[in-house]
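# what would the 3D arrangement of this be:
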Amino acid sequence: MLVMKAAVYYQTGSPNVLKYEDVADPVCGPGDVLVKVEAVSIEGGDTLNRLGGDMPTVPHIVGYQCAGTIVEVGEGVHDRVVGQRVVATMMWGSHAELVSVPAIITWPIAVGADVVAAACVPVPFGTADDCLFEFGHLEPEHTVLIQAGAGGVGLAAIQLAKRCGATVFATASNLGRLDTAMEYGLDRGFDYSQSGWVDEVRAATGGRGVDLVVDSVGGKVLAGSVACLAYRGRCITVGSAGRDPQPFDIGVLGMNNQTITGVFLGAEIVTDRARTMIGRHVDDVGAGRLSVVVDRTFPLSQAAEAHAFIESRQAVGRVVLIP
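Numbering: from 1, shown residues only. Predicted coordinates for the structure are as follows:
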């Protein structure tokens, strides 16, 4: 039996449940490709799953997204070849030296493009695009507020919204974390850890409110997101950071004909629309038309430290593991 190194855990919990161990190589089945992993983008869902999510396998290898080189092609796969570099998404398994994934959820990386940057594209940029356009209906004349603007989805959304021509606001737990976002088109930042931030957002729009909010924080912040909306404004809730959970009273939406929509890219990712959209973003990042901000990289053997760094809320942009 061939073995590889992976970051695994036997029970959910804090980052220190992650262990760096030998595990059996994955099998490349029909319709799959086997990828030698070169960069792992740690997604917010990875840390939440490690903290308390389902464990389909024991030991479990967490992780939604990575990039690398195809080393084997499964039966029935005709549009991928050995030696091709791709970025891939998956239900779990990215925190490893090898991963087997359906070829349909891989995207080719252009020759010469940075594999670390490519590893950070599908989930953040695909999520941001769906939140802003497919479900958020953002138009150039609109104002959008992006919660957690210093994160991976936040920085992707800032770039895409600005490229559309919208006025872009964002929040963070302190304004210093938004300095980088200013380089990518952010018009104004707000500190959602301070009381009165909703009033500041509304004042910045002359009291009207924003047309769209993209909220990846949830909890008590979600109520503030809705309070920032203009008449007929739209709030997109996309996951939850897992902090300060509280119920939300949808009755507040009715008076101003506002809407709230939940978005989950995973339910759309194998559609032709989403795959084409993500492919464009992979190409744009590779060509320098969009940017990925990587705060720091860790070796795969230090996955526990990398998860702890993300949970410290110090990172700006992505945190990447290198096998």
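# so for Met182, what's the pLDDT?
The model reports Met182 with a pLDDT of 96.
# could you do Ser240 as well?
Looking at Ser240, the pLDDT reads 71.
# burial count for it?
17 (other CB atoms under 10 Å). (C-beta placed from N, C-alpha, C; glycine too.)
# which phi and psi values does the residue nearest to it when sequence neighbours are not counted adopt?
Spatial nearest neighbour of Ser240, chain neighbours left out: Gly218 (3.2 Å); criterion: CB to CB, 6 or more residues apart in numbering. Dihedral angles of Gly218 (phi, psi; degrees, to the nearest 10) stand at phi 70, psi -160.
# quick one: Gly218 and Gly239 touch, right?
Yes - counting by CB atoms under 8 Å, Gly218 touches Gly239, with 7.1 Å between them.
# quick one: low-confidence parts of this structure?
1, 241-243 (pLDDT under 70).
# find the residue at the geometric middle of it.
Nearest to the geometric centre of the chain sits Pro124, at 3.2 Å (CA atoms, centre = their mean).
# how about Val23, what does it touch?
Val23 is in contact with 3-6, 8, 59, 61, 96, counting by CB atoms under 8 Å, 6 or more residues apart in numbering.
# compare the residues you listed and tell me which is most surrounded.
Ala6 (30 neighbours).
# what sits against the closest residue to Gly45 other than its chain neighbours?
Spatial nearest neighbour of Gly45, excluding adjacent residues (CB to CB, 6+ apart): Tyr64 at 5.8 Å. Shown in contact with Tyr64 (CB under 8 Å, 6+ apart): 43, 45-46, 89-92, 94, 123.
# Ala315 reaches Val294, doesn't it?
No - here Ala315 does not reach Val294: they are 9.4 Å apart, not a contact under CB under 8 Å.
# contacts only, for the spatially closest residue to Asn257 that is not a sequence neighbour.
With CB to CB, 6+ apart as the criterion, Asn257 has its nearest non-adjacent residue at 5.1 Å, and that residue is Arg232. Residues near Arg232 by CB under 8 Å, 6+ apart: 256-258.
# repeat that for Ala223.
246, 248, 252 are the contacts of Ala223 under CB under 8 Å, 6+ apart.
# quick check: it vs Asp191, distance?
17 Å (CB to CB, to the nearest Å).
# that older thread, out of the contacts of Val23, list just those in strands.
Among the contacts of Val23, the residues falling in strands (DSSP state E) are 3-6, 8.
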